[in-house]
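Chemist: Whatever this is, show me its structure:
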Amino acid sequence: MLNPRLYNSKPVCCSAKIARFSTHNSWWYNGCPICCKQLRQKQNSNEMSCIKHETQQPLPCYRVYVTIEDRENEAILIVMGEAAEQLFGNTCPELLNKQQEPTRQALPKEIENTIGQQYLFEIQPKSHGELIVKSVSPDPQSFVAVSEQHPTTATPDRPSTERKRTVETSKKALFTTEQEKKSKRQSRHQGTTSSSLQSEQHETQTSR
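Modeler: The predicted model follows:
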């Protein structure tokens with residue numbers, strides 16, 4: 001898997017399956033709606049503030065700890081922001097609204113359903129050892145494996161370049177010029193005349 005010391009500050013990509021999630025530090029936090037930094041409770045107050053933007057109305061934000069694995073090793077990643085929305089298909093407030101009794105430890109089914117699935121992760125290693133997911137998408141190789149195990153009888157779409165060549169070939173066959181037609185007729189006529197002459201010569205020699 002990844003060694004943060006070797007790939008410090010260099011984005012890397014890897015293909016791996018989601019093994020499990022950890023909720024020891026919750027899967028979401030109250031963030032600033034402007035910069036998404038975590039808000040802090042004001043002393044002796046119910047208000048929350050951002051270190052950059054002072055008092056703010058909290059916005060639920062993703063911070064999900066996920067363990068991914070490949071054939072050799074595993075690693076713990078942190079999925080936040082847009083990358084988490086790509087992975088779970090919902091914003092953090094949307095998932096909280098779907099839960100009847102939302103808590104920081106209970107994972108929504110949209111998150112749990114990704115366990116065992118193969119994805120391509122773009123990862124940004126940090127100097128302090130954390131691995132932050134910058135983007136995530138389904139791994140095309142996993143679709144290839146599924147199609148090989150369960151082949152379909154449907155005819156796959158041909159690539160656009162192949163379709164273009166087919167169209168061009170069809171055009172050539174459909175739009176033959178009159179000159180080409182005339183040349184083909186003359187060739188056939190000359191071939192027929194030549195065959196007739198050879199036949200007559202053969203009959204003459206035989207009669208002699």
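Chemist: Need phi/psi at L96.
Modeler: When quoted as degrees, to the nearest 10, the phi and psi of L96 stand at phi -70, psi -40.
Chemist: In stretch 132-139, which residues are buried?
Modeler: Taking 16 or more other Cβ atoms under 10 Å as the basis for neighbour counts, the residues of stretch 132-139 that come out buried are 132-134, 136, 139. To be clear about C-beta, it is placed using only N, CA and C from the backbone, and glycine gets the same treatment.
Chemist: among these, which one has the lowest pLDDT?
Modeler: Between these, the one the model trusts least by pLDDT is D139, at 86.
Chemist: hang on, the earlier thing: out of the buried residues of stretch 132-139, which comes closest to K98?
Modeler: Within the buried residues of stretch 132-139, proximity to K98 (Cβ to Cβ) peaks at V136, which comes in at 20.7 Å.
Chemist: got a list of what G89 touches?
Modeler: E110 (Cβ atoms under 8 Å, 6 or more residues apart in numbering).
Chemist: L39 versus that one, what's the distance?
Modeler: Distance, G89 to L39, by Cβ to Cβ, to the nearest Å: 26 Å.
Chemist: now do R63
Modeler: Here R63 is placed at a distance of 13 Å from L39 (Cβ to Cβ).
Chemist: out of the buried residues of stretch 132-139, who's nearest Q118?
Modeler: Using Cβ to Cβ, the shortest approach to Q118 within the buried residues of stretch 132-139 belongs to D139, at 4.3 Å.
Chemist: can you give me the helices in the chain?
Modeler: Remark: helices of the chain, listed N- to C-terminal, are 81-88, 92-98, 109-112, 140-149, 160-174, 178-207; assignment by DSSP state H.
Chemist: This completes my enquiry, with thanks.
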